[in-house]
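A.B. asks: Using only what follows, build the 3D model:
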Amino acid sequence: MPGPAPKHPSVRARTNDPKKGFTSLPAGGRLGAIPPWPLRPNPIMAAQLETARDRVASLQVEVEVEEDGRKKGRMRRELNKNEMAVATLSLQIEQATDDEVALWDILWRTPQATVWEDSHSSREVAQYVRWKVLAEQGDLKAAVEARQLSDRLGLNPLALTRLHLEIERADEAETRGEQRRQRATPARADKPKGDPRGTLRAV
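C.D. replies: Here you go, the predicted structure:
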């Protein structure tokens with residue numbers, strides 16, 4: 001004996017719907033002002049720069065008062081080495097700061113940024129930015145830290161799923177935008193029915 005007819009797809013319930021309980025993120029990303037960058041320059045690099053500058057100043061004095069030609073030559077070579085270290089560290093700090101601010105601005109325009117704003121996670125995002133920039137400069141430890149933070153912040157598809165987040169599709173975003181515009185537009189009053197002018201005829 002044949003079983004019951006299958007339900008129509010429109011009324012068929014899914015008990016294991018993977019999208020159940022997901023939060024939809026705007027496809028167009030977060031709008032509004034970008035929060036100010038909260039971190040100071042990398043403290044380790046800043047300390048290295050300060051140490052190199054102190055050594056340069058000390059060597060400059062020693063070179064001036066040294067009378068032995070050989071010692072003075074060695075001091076000059078060491079002075080040149082430390083001056084190069086100062087120039088390199090200064091450039092690295094400047095470039096890192098520029099890269100951090102640029103990545104910070106990009107991240108706060110993403111759909112995920114709406115969640116960070118609600119959860120007040122700006123400093124955690126800043127930590128990710130710092131580790132990510134160091135990783136791009138070749139720091140392997142920083143690469144590991146950046147990857148772990150990217151999972152917490154939902155910066156890859158698998159992390160989005162784990163956090164029960166999804167980015168709305170472009171067609172869904174367009175439909176919602178149209179619905180918002182329609183709600184914002186006042187409805188025009190309909191013409192009154194039974195307008196007596198419609199029954200007038202020229203005689």
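A.B. asks: what's the domain layout of this structure?
C.D. replies: What automatic domain parsing lists as the domains of the chain is 40-96, 108-182.
A.B. asks: Looking at the shortest one now, give me its mean pLDDT.
C.D. replies: The average of the pLDDT scores along domain 40-96 is 93.
A.B. asks: that older thread, what's the closest of the domains of the chain to L31?
C.D. replies: domain 108-182 (8.4 Å; C-beta to C-beta). Backbone N, C-alpha and C define where each C-beta goes, glycine included.
A.B. asks: Look up the closest residue to W108, ignoring the ones flanking it.
C.D. replies: Counting by C-beta to C-beta, 6 or more residues apart in numbering, I34 is the residue found nearest to W108 once chain neighbours are left out, at 4.8 Å.
A.B. asks: for G21, same thing?
C.D. replies: H164 (5.6 Å).
A.B. asks: can you give me the helices in this structure?
C.D. replies: 43-65, 69-107, 113-119, 122-136, 140-152, 157-162, 170-184 (DSSP state H).
A.B. asks: So which of those helices is the most surrounded?
C.D. replies: Stretch with highest mean neighbour count among the helices of the chain: helix 122-136 (a mean of 19; mean count of other C-beta atoms under 10 Å).
A.B. asks: Return the angle between stretch directions for that one and helix 69-107.
C.D. replies: Counting by axes from the mean of the first three to the mean of the last three C-alpha atoms, to 10 degrees, helix 122-136 lies at 130 degrees to helix 69-107.
A.B. asks: helices or strands up against helix 122-136?
C.D. replies: If you count contacts as 3 or more C-beta pairs under 8 Å, 6 or more residues apart in numbering; DSSP states H and E, helix 122-136 packs onto helix 69-107, helix 113-119, helix 140-152.
A.B. asks: Among those helices, which comes closest to P41?
C.D. replies: From the helices and strands packed on helix 122-136, taking C-beta to C-beta, the stretch that ends up closest is helix 69-107, at 5.3 Å.
A.B. asks: could the domains of the chain go into TSV alongside distance to T23?
C.D. replies: Listed next are those as TSV, based on distance: least, C-beta to C-beta, whole Å:
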stretch	distance to T23
domain 40-96	33
domain 108-182	5
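A.B. asks: Figure out which of the ones you listed is closest to A27.
C.D. replies: Nearest to A27, of these and by C-beta to C-beta, is domain 108-182 at 4.3 Å.
A.B. asks: distance between the ends of stretch 158-169?
C.D. replies: With C-alpha to C-alpha, to the nearest Å as the measure, stretch 158-169 spans 17 Å from end to end.
A.B. asks: per-residue confidence averaged over it?
C.D. replies: On average, stretch 158-169 scores 90.
A.B. asks: With stretch 132-151 instead?
C.D. replies: For stretch 132-151, the mean confidence score works out to 94.
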